[in-house]
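Chemist: Have a look; sequence and predicted model below, questions after that.
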Amino acid sequence: MAGNRIEFSWKRRPSEIRGYERAMYTTLNNGDYIRVDYNVAEKRVRLYVEVSEENNASYYSILNSGKIVSERNSAGKSARVGEKISERSDEFSTLPNSDVLKLINRNYGIESSEDAESRKKEQQKREQLSSVRKRYFRETDQAENIYADTPAKITMGAGRIGLIDLIDILTGLAVSGIFYILNQYSFLALGATAVVWGILLGLFDIVLRNREPVFIKILFFLLSGSAFYIYEYFYL
């Protein structure tokens, strides 16, 4: 495990690893050795750890454009690489090169102090927003329960009668009446228009308004329209 205190300084040198330009390395106060090789132009970073308690067993990860592309330990396997690097994320985060930290892209929990502070503020904002939403919807639910038995909350099947539904009904009556008059007071035209309007209302609620259809207004036009149509077709 990495030490709790951060008492070290980073050193710089050209990287001898092919594909990397520079390297920064240090020995932690618990004896672990960590190193970062990087090529900013090609957006490539190599994170390396030697664990003193494991006879200097090594673990390294290669990142390209902020994504992990390879993980290997001294046995040539990927086992525990992420764990070993993540345990030393605080130490890696002190790397005095903001460009390299950006290339690491917060993998393994490695980030600059500015990024950490920004992330903390974003998290606080999300928590505050979540708290407001929960409080708002809880108060809304309580208000709905209080008025659950009033006429304004009449429901049928799904949906709730509201102002927009009353407008739909009045519009449907007007449209049906217009077709009734234009077709020389034909109950067939009146009934067919009402049925079509009832079907359209269901589509309006589902597709345009993205809500449960209010079946009471739909059934009103479907049943009344069918009644007018049958009345003229069979009895007049």
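Modeler: Noted; the coordinates are in hand. Numbers count the residues shown, from 1 in each chain.
Chemist: For Ile34, see how far away Asp90 is.
Modeler: In this view, Asp90 and Ile34 are 11 Å apart by C-beta to C-beta, to the nearest Å. (Each C-beta comes from the backbone N, C-alpha and C, glycine too.)
Chemist: of the two, who's got more company?
Modeler: Comparing Asp90 with Ile34 by other C-beta atoms under 10 Å, the one with more neighbours is Ile34, at 24 against 15.
Chemist: how much space between the more buried one and Val214?
Modeler: Taking C-beta to C-beta, one finds Ile34 at 64 Å from Val214.
Chemist: and if you look at Leu163?
Modeler: Relative to Val214, and taking C-beta to C-beta, Leu163 is found at 12 Å.
Chemist: Ok, Arg88 next?
Modeler: Distance from Arg88 to Val214, by C-beta to C-beta: 60 Å.
Chemist: and the two? which has more neighbours close in?
Modeler: Val214 (26 against 23).
Chemist: close enough to count as contact, the more buried one and Asp165?
Modeler: Yes - checked against C-beta atoms under 8 Å, the pair Val214 and Asp165 is within contact range at 5.2 Å.
Chemist: now the helices for the protein?
Modeler: With DSSP state H as the criterion, the chain has helices at 81-86, 89-92, 98-104, 113-146, 163-182, 187-203, 215-235.
Chemist: Where among the ones you listed is average confidence lowest?
Modeler: Lowest mean pLDDT within the helices of the chain: helix 113-146, a mean of 58.
Chemist: Which parts of the protein belong to which domain?
Modeler: Domain ranges of the chain: 11-112, 151-235, per automatic domain parsing.
Chemist: Return the distance of the shortest one from the chain's centre.
Modeler: The chain centroid and the centroid of domain 151-235 are separated by 38 Å, computed with C-alpha atoms, centre = their mean, to the nearest Å.
Chemist: i'd like the first residue to be 54 from this point on
Modeler: Understood, numbering begins at 54; the last thing we discussed is domain 204-288.
Chemist: wouldn't Leu254 be in contact with Leu272 here?
Modeler: No - the criterion here is C-beta under 8 Å, and Leu254 misses it with Leu272 at 10.1 Å.
Chemist: Between those two, which has more neighbouring residues?
Modeler: Leu254 (23 against 13).
Chemist: Now do the contacts for the more buried one.
Modeler: Contact analysis of Leu254 by C-beta atoms under 8 Å, 6 or more residues apart in numbering lists 221, 225, 266-267, 270-271, 274.
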